[in-house]
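Okay, sequence plus prediction incoming.
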Amino acid sequence: MKFTLQAEDIASKARAGVLETAHGNIQTPIFMPVGTAGTVKAVHQHELVEDIQAQIILGNTYHLYLRPGLDVLHKAGGLHKFNHWDGPILTDSGGYQVYSLTEVRKIREEGVTFRSHIDGSKHLFTPENVMDTQRIIGADIIMAFDECTPYPCEYSYARKSLDMTHRWLKRCVDRFDSTESLYGYEQTLFPIVQGSVYKDLREKSAEVIASFNRDGNAIGGLSVGEPAEEMYAMTEVVTNILPQDKPRYLMGVGTPINILENIALGIDMFDCVMPTRNARNGMLFTQNGIINIKNEKWKADFSPIEAESDLLVDQIHTKAYLRHLIRSQEILGAQIASLHNLHFYLWLVKQAREKIIDGTFYDWKEKMVKVLGQRL
Ligand SMILES: CN(C)CCSCc1cc(N)cc2c(=O)[nH]c(N)nc12
């Protein structure tokens, strides 16, 4: 999988590039909408997702393995066929979802045992079988099986967990490199840097991950409750060590401000549930700051959701109407607010890419960071 750097900012570590996949090219920096169970929540018609120019969507091994299950996905010819999405797909390896979605789980050298959050049945994920699972799902970019350490966690726990994540990575690479894609197109495996918030562990993990020389590298273990300054400090340590010529994916990040600050630290790929999860709750991200649409002040405001936006729903619907839908818990409210937030995130990273290319990124970023945190 080829990554071409097109521009590098002079006042920061920001880059613009293109990642070529079997299902199309990805222009970076990129935000990847989270399609947990094979669909982007509340935005189920993919034509709509295309409408917001989403270039890649994320799937989840944990969810897809449990439902619809591997036999259905294999018979369908993979997730692209199953959910009629012919763009690139990235799937997470499942460890994080086991850690965040289930109570009953045991982490052992062999792998992780857990009970399904759907029917309580018992399962075991290992580095080997999550590689086989992601082969069957058929994502273009698949993630190594890692342990995402909680925040906070003791140094000794972080170090032991890191060493196991590195041993698991070796098992993932051995399994992945000894199996073929099932559907005739190239898939690629990204390893994941861990090390919690400890500088020396992050340096060690970044060096180990870089040594595998894969097509791209991910940074995990962040956006798990640590203060933003800790996230930025660890990202800076790791991007100073990861190779310049490979894309860097910061997992689970983040707010619009987090994204701009991490682009300036050399991150190329992002994913986060925030735009859709917060949308369902009426929190709208806009170019002028954050709107809590449930607030009384929008009750009779008949201005468009966002006048500057080129998204159709932002033009034809008013703040008052969207407030009414969200307060009435109408599905349409979740759909409009989700579309709006996804469109905003995609607009933000597209703007960043354009500013990096024309050399004005740093000043633009400083101005945007001041505005994006404002409550309207
Ligand atoms: C669809 N998305 C919600 C899933 C992709 S991002 C999930 C995710 C988020 C965060 N914050 C940390 C980690 C991590 O350390 N490891 C893995 N494998 N996944 C992670």
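That came through, no problem.

Please list the residues of this structure that sit near the ligand.
Taking C-beta under 6 Å from any ligand atom as the contact definition, the chain meets the ligand at 34, 36, 58, 60, 92-93, 95-96, 143, 146, 148, 192, 220-224, 251-252, 271, 273. Every C-beta, even on glycine, is put in place using the N, C-alpha and C of the backbone.

The longest helix seen in the chain: which residues count as buried?
Taking DSSP state H as the criterion, the chain has its longest helix at helix 331-357. Under the neighbour-count criterion of 16 or more other C-beta atoms under 10 Å, helix 331-357 has 333-353, 355-356 buried.

rewinding a little: what subset of the residues of the chain next to the ligand is buried?
So, by 16+ other C-beta under 10 Å, the buried ones in the residues of the chain next to the ligand are 34, 36, 58, 60, 92-93, 95-96, 143, 146, 148, 192, 220-224, 251-252, 271.

Next up, the contacts around whatever residue of the stretch 251-376 of the chain ends up closest to the ligand.
Residue nearest to the ligand within the stretch 251-376 of the chain: Gly252 (2.6 Å; C-beta to the nearest ligand atom). Gly252 makes contacts with 96, 220, 222-224, 271-272, as judged by C-beta atoms under 8 Å, 6 or more residues apart in numbering.

Check what pLDDT the nearest residue in space to Phe302 that is not next to it in sequence gets.
Closest residue to Phe302 apart from its sequence neighbours, by C-beta to C-beta, 6 or more residues apart in numbering: Thr318 at 4.5 Å. Model confidence at Thr318, given as pLDDT, is 98.

so Thr318 bridges to which residues?
For Thr318, the beta-bridge assignment (DSSP bridges) gives partners Pro304.

returning to what we had before: tell me the gap between the longest helix of the chain and the middle of its chain.
14 Å (C-alpha atoms, centre = their mean, to the nearest Å).

next structured bit after that helix?
Next helix or strand after helix 331-357 toward the C-terminus (DSSP states H and E): helix 361-372.

Just list what that following helix packs against, helices and strands only.
helix 256-264, strand 289-292, helix 331-357 (3 or more C-beta pairs under 8 Å, 6 or more residues apart in numbering; DSSP states H and E).

Keeping just the C-alphas, turn the host helix or strand of Tyr321 into CSV.
Element membership of Tyr321, judged by DSSP H and E, is helix 319-327. Listed next in CSV are the C-alpha coordinates belonging to helix 319-327 (Å, rounded to 0.1, in the frame of the first residue of the first chain):
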residue,chain,number,x,y,z
LYS,A,319,-32.0,25.6,14.2
ALA,A,320,-35.5,25.7,15.6
TYR,A,321,-36.6,22.7,13.7
LEU,A,322,-33.6,20.6,14.6
ARG,A,323,-34.0,21.6,18.3
HIS,A,324,-37.6,20.4,18.1
LEU,A,325,-36.6,17.0,16.5
ILE,A,326,-33.8,16.4,19.0
ARG,A,327,-36.0,17.3,22.0
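
Contacts made by it with the rest, please.
Everything outside helix 319-327 that qualifies as a contact, by C-beta under 8 Å, 6+ apart, is 281-282, 284, 291, 293-295, 298-305, 332-334, 336-337.

Restricted to buried residues, select the residues you listed in PyMOL.
Buried residues within the contacts of helix 319-327, by 16+ other C-beta under 10 Å, are selected in PyMOL with:
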select buried, resi 282+284+291+293+298+301+304+305+333+334+336+337
